[in-house]
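> quick check, what structure comes out for this input:
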Amino acid sequence: MSPTSIFAPVSTPADSIFELSMFVLAVTAGIFVVVFGLLVYAVVRFRRKRDDDGTEPPQVYGSYEVELAWTIVPVLIVVALFLATARVIASVQHPPKPKDALDVVVIGHQYWWEYRYPTLGVVTANELHVPVSDPAHPTPTFLTLLSADTDHSFWVPRLAGKTDLIPNHPNSMWIDPRETGLYLGQCAQYCGTQHAKMLLRVYVDSREDFDRWIDAQRRPARADAAVARGRQVFETTACVNCHAVGSTDAKGRFGPDLSHFMSRETLAAGAASNTPENLRLWLRHPDAIKPGSLMPAMQLSDEDVNAVADYLESLR
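Next comes the predicted model:
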């Protein structure tokens, strides 16, 4: 099954959307069967026969019963679909919020995701971690959706429906995943050249694993003395204008926070695995991994590229 299939929901909002979709499909399938069946019946029952004399059959005009039926039945179908849809919209958009719910601020950038955990003091990028929700004692995650530039859309099909991120217009959504694992998604609103590679990765952790991840993200970024040269290159080039690294002079906000860069499995918003080879290629030629990326080619020497890569690989 596709990791982005809407037919395997693991969260209440996705469940609600799936059930509504199946209801609409059942209603429309029923309409199709009835209409197609009547059409087949008419074709077979009233087909032209060899002994037809060419005269028209008796015509029926002004049937009160038929007109009443084709008016009332569609109205009832539309009302049923409207009420079912309104119920799902209300339940998805206005859920009760438990006191122990997790709050995350999601900020869409061209072309990456920023995640802020305001009550936990954590900032990360591209890979969202949330705790699993026990159905007996739900602990949902509430997402506040913001945009730093243009329109984006947050969509992880197995967790919830798509919700847009609009500049200067905060939106919100929530998820309560019942199973641990990795759930994939995609920016679902065209936002520029690299829209197709603005990918989403949501890690649903057990409560213990999530707490350990939070503790690790709170620790100051530390680098060994062996990578001091890489840190020096990083802090004396334009890298610090875009990126932040905790406990250093790098305070940039235009690009992802790199304080715990090696805790992420991917780079370039999921476009490539976070391996030494891909990291060095990313530093030399970002367009080789993500054409149109706003990450500039810094024109570093091979020695400096290796030094910066060694420094970033020490940020865990």
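> please enumerate the helices of the protein.
Secondary structure of the chain (DSSP state H): helices at 12-45, 64-93, 207-218, 228-235, 239-242, 276-284, 286-289, 302-313.
> can I get these in TSV including distance to V132 and mean neighbour count?
Bear in mind the C-beta positions are built from the backbone N, C-alpha and C, glycine included. TSV is the format used below for the helices of the chain (distance: least, C-beta to C-beta, whole Å; neighbours: other C-beta atoms under 10 Å):
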stretch	distance to V132	mean neighbour count
helix 12-45	13	13
helix 64-93	20	12
helix 207-218	7	14
helix 228-235	36	18
helix 239-242	34	16
helix 276-284	30	17
helix 286-289	32	16
helix 302-313	30	19
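> A268: which of those helices is closest?
Across those, A268 has its closest neighbour in helix 286-289 (5.3 Å, C-beta to C-beta).
> quick one: contacts of that closest one?
If you take C-beta atoms under 8 Å, 6 or more residues apart in numbering as the criterion, helix 286-289 is touched by L267, A268, A271, A272, N278, L281, W282, S293, M295, P296, A297.
> out of these, which are buried?
L267, A268, A271, A272, N278, L281, W282, S293, M295 (16 or more other C-beta atoms under 10 Å).
> residues contacting S273?
By C-beta under 8 Å, 6+ apart, S273 lies in contact with E265, T266, L267.
> name the nearest of those residues relative to I72.
Among these, and counting by C-beta to C-beta, the member closest to I72 is T266, at 55.2 Å.
> off-centre distance for stretch 51-58?
Its chain's C-alpha centre and that of stretch 51-58 lie 62 Å apart, by C-alpha atoms, centre = their mean, to the nearest Å.
> quick check: buried residues in that stretch?
Residues of stretch 51-58 classed as buried: none (neighbour count, 16+ other C-beta under 10 Å).
> pull up the distance across that stretch, start to finish.
End-to-end distance for stretch 51-58: 17 Å, by C-alpha to C-alpha, to the nearest Å.
> so, low pLDDT: which residues of the stretch 101-250 of the chain?
Along the stretch 101-250 of the chain, segments meeting pLDDT under 70 span 222-225.
> all strands for it, in order.
Secondary structure of the stretch 101-250 of the chain by DSSP state E, counting those that start in this stretch: the strands cover 102-109, 112-117, 122-125, 127-131, 141-147, 152-155, 163-165, 171-175, 181-187, 199-205.
> and the second one with strand 181-187, angle?
So the one you mean is strand 112-117. 130 degrees (axes from the mean of the first three to the mean of the last three C-alpha atoms, to 10 degrees).
> what does strand 112-117 rub up against?
Outside strand 112-117, the residues that touch it by C-beta under 8 Å, 6+ apart are 102-108, 122-128, 148, 198, 200, 214, 255-257, 268-269.
> could you pick out the buried ones from those residues?
102, 104-108, 122-128, 198, 200, 214, 255-257, 268-269.
> which one, of the strands of the stretch 101-250 of the chain, ends up nearest to K49?
Between the strands of the stretch 101-250 of the chain, strand 152-155 lies closest to K49; by C-beta to C-beta that is 56.4 Å.
> check contacts around L312.
By C-beta under 8 Å, 6+ apart, L312 lies in contact with G230, F234, L258, F261, M262, L279.
> now do it against T236, distance only.
Separation of L312 from T236 (C-beta to C-beta, to the nearest Å) stands at 15 Å.
> returning to what we had before: out of the contacts of L312, which is nearest to F46?
Taking C-beta to C-beta as the measure, L279 is the one of these closest to F46, at 72.4 Å.
> pLDDT score for the closest one?
At L279, the model reports a pLDDT of 93.
> where does the residue of the chain most remote from its centre fall, phi/psi-wise?
Within the chain, the residue lying farthest from the chain centre (C-alpha atoms, centre = their mean) is D53, at 65.3 Å. D53 has phi and psi values of phi -90, psi 0 when expressed as degrees, to the nearest 10.
> next one: Y111
Reported as degrees, to the nearest 10, the phi and psi values for Y111 are phi -130, psi 70.
> would you confirm that it contacts A269?
Yes. Using C-beta atoms under 8 Å, Y111 makes contact with A269 at a distance of 6.0 Å.
> overlap in contacts, the two.
Shared contacts of Y111 and A269 (C-beta under 8 Å, 6+ apart): K197, M198, K290.
> put together CSV for the residues you listed, with distance to L76 on each row.
Output for the shared contacts of Y111 and A269, formatted as CSV (distance: C-beta to C-beta, whole Å):
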residue, distance to L76
K197, 46
M198, 43
K290, 51
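> related to what we said a few turns ago, ok, the contacts of L312 vs S301, which is closest?
Nearest to S301 among the contacts of L312, counting by C-beta to C-beta, is G230 at 12.6 Å.
> which segments of this structure make up each domain?
Split into domains by automatic domain parsing, the chain comes to 12-51+59-93, 225-313.
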